[in-house]
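Asker: no FASTA, just this:
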């Protein structure tokens, strides 16, 4: 396909629940990007896009709840990053839903940014804090 978004073990942060959700989101996102690139029907793209956004919001909320319950000191900043990521992803997904199939590049970039800038830094820091301060792995 031309989709280069794929999960690798290097994205694992060391908290099983977070890793499982991140992997699932990468797989869903990659599937959506691949569908866009292959020229799937607009109704199918809208359905995939909607399902993807629903799948993203749940784990972000669960992660934020975990941070609040565990009194993670950087929870507010982390939650703001989630909001920013959701805004970027939602913008790309809305364009997809309107039939702008050229948005696969924007969506692919937003997903990669989430992986590199958020999962690989903020979520890794959260996982390290949870392991050392709360013995959660």
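Answerer: Noted; the coordinates are in hand. If you're wondering where the values come from, they're calculated on a predicted model, not measured in any experiment.

Asker: okay, helices next: where are they in the protein?
Answerer: Assigned by DSSP state H, the chain shows helices spanning 16-37, 42-69, 75-97, 104-113, 124-134.

Asker: report all helices and strands that the least confident helix or strand in the chain by mean pLDDT contacts.
Answerer: Sorted by mean pLDDT, DSSP states H and E, the helices and strands of the chain end with helix 104-113, the least confident at a mean of 80. If you count contacts as 3 or more C-beta pairs under 8 Å, 6 or more residues apart in numbering; DSSP states H and E, helix 104-113 packs onto helix 16-37, helix 75-97. Every residue, glycine included, has its C-beta placed from N, CA and C.

Asker: okay if I get those helices as JSON lines plus mean neighbour count?
Answerer: JSON lines is the format used below for those (neighbours: other C-beta atoms under 10 Å):
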{"stretch": "helix 16-37", "mean neighbour count": "19"}
{"stretch": "helix 75-97", "mean neighbour count": "17"}
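
Asker: closest to residue 50 out of those helices?
Answerer: helix 75-97 (7.1 Å; C-beta to C-beta).

Asker: before we move on, the earlier item: ok and the least confident helix or strand of the chain relative to helix 16-37, angle-wise?
Answerer: Angle of helix 104-113 versus helix 16-37, following axes from the mean of the first three to the mean of the last three C-alpha atoms, to 10 degrees, is 170 degrees.

Asker: buried residues in helix 104-113?
Answerer: By neighbour count on 16 or more other C-beta atoms under 10 Å, the buried set for helix 104-113 is 104, 106, 107, 108, 110, 111.

Asker: ok, stretch 44-62 next?
Answerer: Buried-residue list, stretch 44-62, by 16+ other C-beta under 10 Å: 45, 48, 49, 52, 53, 55, 56, 59, 60.

Asker: with that, I have no additional questions.
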